[in-house]
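Participant: pasting a predicted model and its sequence here:
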Amino acid sequence: MKHGLLRMSRVFLLLPVLFACKKSSTGSGTASLTLINAVAGSNILATNFSDTYSIEWYYSAMQVQYGSYSPYYETSSYSGTQPLKLYQYPDTLEKSTPLFDLRIDLLIGSVHTLFLTGTTSAPDTLFTTDILPVHPPQDSSFGIRLVNLSPGSGPVSVNIQGQANGSETASLPYKSITAFKTYPATSATGSYVFEFRDAAGILLGSYTFDGVNNDAGNNTANNLWRYRNFTLILAGLPAAGTTGSTQIVFLANNY
């Protein structure tokens, strides 16, 4: 349990204090949130966690690029309903209209992911409460979950390269997410290649986990996946009427 709490305390975006709240309504503790930008066609998204203050400087705001997640950490004290506006750069002035204007409920000690999806003309979200698997030192393992954030796509299957289509999940509709699954991560494991396919078996995108760094001088290996948890995201728009695709697969590190 200590290992799990330690990882949870390190992971994700730790939310800023809500400046507009009175002291009597502000909780004591932290809540954690990861932002993942899978909005097809979006630019960099800049965040504002306050109803009271506008973004004074774009460069001082947290930024989430398309096909990426928030690599931001801040210790604070907060619980309750959190306002969150996300602006598509360069539309970050006081009178700009945010792409997202949200209210998210967070409890002290909770861990969440906010997946930003859809398109710039029809933005959408998927909000999850996350329970991260704990990987004991003796297990040498890591965890992965899969999510389909490709608007307009049909259900997709995911397999590990060399295995049958759908070996990891047979049907993953848009805005669906799997539970975390544990995989071995020893120095002898080698690489994992996850392949996302449509209903016809056409490859839409793939991601290679190749996290073993060999140190020739010390004749040892350092596995960069070990004891961690990740999310693999299918994003982008399907290419209609062709065998090609504008879809991408990218990784979010959940620690």
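Facilitator: Sure, I can see it.
Participant: direction included, what does the helix or strand hosting D124 pair against?
Facilitator: Using DSSP states H and E, D124 sits within strand 123-129. Paired strands of strand 123-129, with direction, are strand 111-118 (antiparallel) (DSSP bridges).
Participant: how far is the partner strand from where the chain is centred?
Facilitator: 7 Å (CA atoms, centre = their mean, to the nearest Å).
Participant: any low-confidence regions in the stretch 151-255 of the chain?
Facilitator: Filtered on pLDDT under 70, the stretch 151-255 of the chain yields the residue ranges 211-223, 240-245.
Participant: picking up where we left off before, how about the strand holding D124 as CSV, C-alpha atoms only?
Facilitator: Output of strand 123-129 as CSV, limited to C-alpha atoms (Å, rounded to 0.1, in the frame of the first residue of the first chain):
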residue,chain,number,x,y,z
PRO,A,123,-15.0,19.1,-28.7
ASP,A,124,-15.7,16.2,-26.3
THR,A,125,-14.3,14.7,-23.1
LEU,A,126,-13.8,11.4,-21.3
PHE,A,127,-13.2,11.7,-17.5
THR,A,128,-11.9,8.7,-15.5
THR,A,129,-11.2,8.0,-11.9
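Participant: contact partners for S140?
Facilitator: Residues in contact with S140 (CB atoms under 8 Å, 6 or more residues apart in numbering) are 184-186, 223, 226. In this view, the C-beta of every residue, glycine as well, is placed from N, C-alpha and C.
Participant: go again using 6 Å as the cut-off
Facilitator: S140 sits next to 185-186, 226 when contact means CB atoms under 6 Å, 6 or more residues apart in numbering.
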